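K.L.:
Sequence first, then the predicted structure, then my questions.
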Amino acid sequence: MTNPRSARVERTTKESSVLVELKIDGTGVIDVSTGVPFFDHMISQLGKHSGFDLKVKTTGDVDVDSHHTVEDTSLAFGQALREALGDKSGIRRFGNSLVPLDEVLVQVAVDLSGRPYLVHRQPEIVELIGTFDTTLGKHIWESIVAEARIGLHIRVLEGRNAHHVLEAQFKAVAQAFKDAVALDSRTSGVPSTKGVL
């Protein structure tokens, strides 16, 4: 495989400065610092359980709130994933997972389709985990999906603890990514009858 399946994305606005370095064929080496501790914890789950090597460095206007930092980092991650996949030759394309975390059970399916679409279902949870606004959870996925241009379904089948509900989603998405980006020796070229994803 000559394509290193890696990407480096820098995104700078008046609200944040983001650097994401992603290597798909990694070993889960993580270096994440966004100034939003709970978000760091979640993005670390995404890298670790997908097997990606992931470096994320963000400085943002967290004195306002964490929205811009979380959104811009998520957009940059999505872009890095899309760029690292290149033309997607030889990948499995589809991935799914069923992940428990104590009382929580999350089901995820992903299609690296080139078309952004999100279906997200979770129970009502408290609005804050420490200082983290839990309503950003869905927005993280919306932002990743928009830039990665993937189809992503997330369903929380069981759960009540807000920390567990969010963390299990990141672990489940990571497992689905791990499956979808895997190279399939039986696949020749792009896994689509259209010839492009």
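P.N.:
Nice, thanks for sending it over.
K.L.:
Spell out which helix or strand contains Gly78, please.
P.N.:
Using DSSP states H and E, Gly78 sits in helix 67-85.
K.L.:
Tell me the spacing between Glu83 and Lys23.
P.N.:
Glu83 sits 12 Å away from Lys23, going by CB to CB, to the nearest Å. C-beta coordinates here come from the backbone N, C-alpha and C atoms, glycine included.
K.L.:
Do a quick rundown of the helices in this protein.
P.N.:
Using DSSP state H, the helices of the chain run over 37-50, 67-85, 136-148, 162-180.
K.L.:
Could you pull up the residues touching Lys110?
P.N.:
Careful, residue 110 is Val; it's not Lys. Contact analysis of Val110 by CB atoms under 8 Å, 6 or more residues apart in numbering lists 94-96, 150-153, 173, 176-177, 180.
K.L.:
Got a quick ChimeraX command for the buried subset of the residues you listed?
P.N.:
Those of these that count as buried under 16 or more other CB atoms under 10 Å are selected in ChimeraX with:
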select :95,150,151,152,153,173,176,177,180
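K.L.:
quick one: low-confidence ranges for the chain?
P.N.:
1-3 (pLDDT under 70).
K.L.:
Leaving out the residues flanking it, which one is nearest to Gly159?
P.N.:
When the adjacent residues along the chain are set aside, Gly159 lies closest to Val104, with 3.5 Å between them (CB to CB, 6 or more residues apart in numbering).
K.L.:
The one you found and Leu112, how far apart?
P.N.:
Going from Val104 to Leu112 by CB to CB gives 25 Å.
K.L.:
if we can go back for a sec, show me what the residue nearest to Gly159 is bridged to.
P.N.:
In this structure, Val104 bridges to Leu101 when assessed by DSSP bridges.
K.L.:
hang on, the earlier thing: so Glu83 and Lys23 - more neighbours on which side?
P.N.:
For Glu83 versus Lys23, neighbours defined as other CB atoms under 10 Å are more numerous around Lys23 (20 against 17).
K.L.:
Alright, that wraps it up for me.
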